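**Student:** Output the structure for:
(one chain, ligands or ions: 1)
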Amino acid sequence: MSHLSKATPLLQLSGLTKQYRADFTALNEVSLSIPHGQVLALIGPSGAGKSTLIRCVNRLVEPSAGSVQLKGQELTQLGSTALRKTRRRLGMIFQEYALVERLSVMENVLSGRLGYVGFWQSWRRRYPATDIERAFALLERVGLAGFENQRADALSGGQRQRVGIARALMQEPDLLLVDEPTASLDPKTSRQIMRLLNEICTERQLSAIINIHDVELAKRYADRIVGLKAGRVVYDGTVENLSAEVLTTIYGEEDWSDTQPTAFASSVVRGQFEQVVA
Ligand code: ADP
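**Tutor:** Numbering: from 1, shown residues only. Purely as a prediction, here's the structure:
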């Protein structure tokens, strides 16, 4: 039994397909197997189907065909109550953070527990003491110790994204679904956020699917790269094998020399970023 459960991937997508219209297939028979503890970067040009893929996993978008299995459990057939429960296990992190602006940092983080505490409890904003302790610990982990009473709208973009990460972790997810986490951030903050996501996945043996348009960031902080083009997987492999030719297949003709792995970048071992990255 334990042998069987070890062999079961964390997430298995099989033939996943989305047609928004009968004559347009946004996601075309995508099959991917994602193990525990893997940071997967989903790259590809705008319109390739990256957001659709992420949203088909938690059924913010209903797949037209195919299967999504989380730890062996089929998600595409779940009824609304079971789906709500399962969504707790899928921590979503958004490009525009999706915080409640007028609420405090602490309240935003605790809202990650909304799938767990009862409706009236959450309405009265009463959370168990253990949740509040966990929220403090997560705020410290994401670098926001002491920010708990600040209103979300008083924070910088990078700080907001840290709140978004803490809120997702508050759900105790099995998998993080991360949609363009750095698209609204400057380059330095983008690196810090990607490094934080990578470290957190390593520490917690968490997996993440990160939809990211920045190839250099994907190469630096992901374990695996999946390239989508017109709804199909056209690359699935390591950072090292993501050659200029492959990038041309995914994005078309361009000078890719800036994004080639340097000796420095490819020598960076996951979990050791703090020591080696300035
Ligand atoms: P990406 O995230 O790679 O930019 P998307 O998944 O957002 O790509 O979109 C893939 C394709 O599906 C695009 O052509 C887009 O216009 C289309 N699309 C996305 N969402 C919808 C929708 N709700 N209704 C119709 N078409 C959509």
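
**Student:** Outside of the host helix or strand of residue 133 itself, list whatever touches it.
**Tutor:** Using DSSP states H and E, residue 133 maps to helix 129-141. With contact meaning CB atoms under 8 Å, 6 or more residues apart in numbering, helix 129-141 is reached by 105-106, 109-110, 113, 117, 127, 145, 147-148, 166, 169-170, 200. All C-beta spots, glycine's among them, are computed from the backbone N, C-alpha and C.

**Student:** Now intersect those with the helices, please.
**Tutor:** Members of these lying in helices (criterion: DSSP state H): 105-106, 109-110, 166, 169-170, 200.

**Student:** okay, those residues in CSV with distance to residue 214, pLDDT and neighbour count next?
**Tutor:** Formatted as CSV, the ones in helices among the contacts of helix 129-141 follow (distance: CB to CB, whole Å; pLDDT from 0 to 100; neighbours: other CB atoms under 10 Å):
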residue, distance to residue 214, pLDDT, neighbour count
105, 27, 93, 26
106, 31, 92, 21
109, 26, 93, 32
110, 31, 90, 24
166, 23, 96, 27
169, 23, 96, 23
170, 27, 94, 24
200, 19, 96, 20
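
**Student:** Residue ranges in the stretch 51-200 of the chain under the pLDDT threshold?
**Tutor:** For the stretch 51-200 of the chain, applying pLDDT under 70 flags the ranges 115-125.

**Student:** how about the residues of it near the ligand?
**Tutor:** 51-52 (CB under 6 Å from any ligand atom).

**Student:** Let me see the ranges of the strands in the stretch 51-200 of the chain.
**Tutor:** Under the criterion DSSP state E, counting those that start in this stretch, the stretch 51-200 of the chain contains strands at 65-70, 73-74, 90-93, 175-179.

**Student:** Of all those, which one is nearest residue 82?
**Tutor:** strand 73-74 (9.1 Å; CB to CB).

**Student:** All the helices of the protein, residue numbers only.
**Tutor:** 2-7, 50-57, 80-87, 105-110, 119-123, 129-141, 157-170, 187-204, 215-221, 244-251, 263-267, 273-276.
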